[in-house]
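K.L.:
mind folding the following:
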Amino acid sequence: MKIYEVRERTPRLVADLLDIWEVFVRATHHFLSDAEITQIKEYVPQALQGVVHLIIAEDETDGPTAFIGIENNRLEMLFLSPKVRGKGLGKQLLQYAVQDYGVRELTVNEQNPQAVGFYEHLGFQTYKRTEYDEEGNPYPLLYMKLV
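P.N.:
From the prediction side, this is the model:
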């Protein structure tokens, strides 16, 4: 598995990462309806193009299998293909983000307990909670810092 920061965000790469995003969200974000996922999906390519640091994990035969986005010492996104979930790649990517990019903060949906537990297991603690997400939807967010 090769992990590296993407320099050129080609339409093909963005499409591959969008596929990973959608499958991951459908598997983990059970609080979202199909319509909400479809609506959010429209903005993901823009987020992928706009995040300062986009790091992917790539398998030689399968191409991209996971990715993270980092900006201002914050983890902005972490998504994995189902074929690599539960095999330590998420932990490896987060540790890479902490060590190489100084990540110290992140935000996670409270209604995604697997992700909350994952981040807590890796040393992050909640310091703030909101009732609504950044778009004003009723999805509580937890703001976490590395301790």
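K.L.:
quick one: the strands in the protein?
P.N.:
2-5, 53-59, 63-71, 74-80, 105-109, 124-130, 141-146 (DSSP state E).
K.L.:
make TSV from these and add mean neighbour count, distance to residue 28 and mean pLDDT to it.
P.N.:
The way it works is simple: take the backbone N, C-alpha and C, and place the C-beta from them, glycine included. Formatted as TSV, these follow (neighbours: other Cβ atoms under 10 Å; distance: least, Cβ to Cβ, whole Å; pLDDT from 0 to 100):
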stretch	mean neighbour count	distance to residue 28	mean pLDDT
strand 2-5	12	21	94
strand 53-59	19	17	94
strand 63-71	21	13	95
strand 74-80	21	9	95
strand 105-109	18	9	96
strand 124-130	13	17	97
strand 141-146	18	15	97
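K.L.:
could you export those strands as JSON lines, including distance to residue 86?
P.N.:
Below are the strands of the chain laid out as JSON lines (distance: least, Cβ to Cβ, whole Å):
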{"stretch": "strand 2-5", "distance to residue 86": "18"}
{"stretch": "strand 53-59", "distance to residue 86": "14"}
{"stretch": "strand 63-71", "distance to residue 86": "12"}
{"stretch": "strand 74-80", "distance to residue 86": "9"}
{"stretch": "strand 105-109", "distance to residue 86": "18"}
{"stretch": "strand 124-130", "distance to residue 86": "19"}
{"stretch": "strand 141-146", "distance to residue 86": "21"}
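K.L.:
tell me which of those strands sits nearest to residue 41.
P.N.:
strand 74-80 (12.2 Å; Cβ to Cβ).
K.L.:
next up, the contacts around the closest residue to residue 138 other than its chain neighbours.
P.N.:
Spatial nearest neighbour of residue 138, chain neighbours left out: residue 132 (5.9 Å); criterion: Cβ to Cβ, 6 or more residues apart in numbering. Residue 132 makes contacts with 138, 139, 140, 141, as judged by Cβ atoms under 8 Å, 6 or more residues apart in numbering.
K.L.:
quick check on those: which are buried?
P.N.:
Among the contacts of residue 132, those scoring as buried are 139, 141 (criterion: 16 or more other Cβ atoms under 10 Å).
K.L.:
for the contacts of residue 132, which one is nearest residue 102?
P.N.:
Using Cβ to Cβ, the contacts of residue 132 come closest to residue 102 at residue 141, 21.8 Å.
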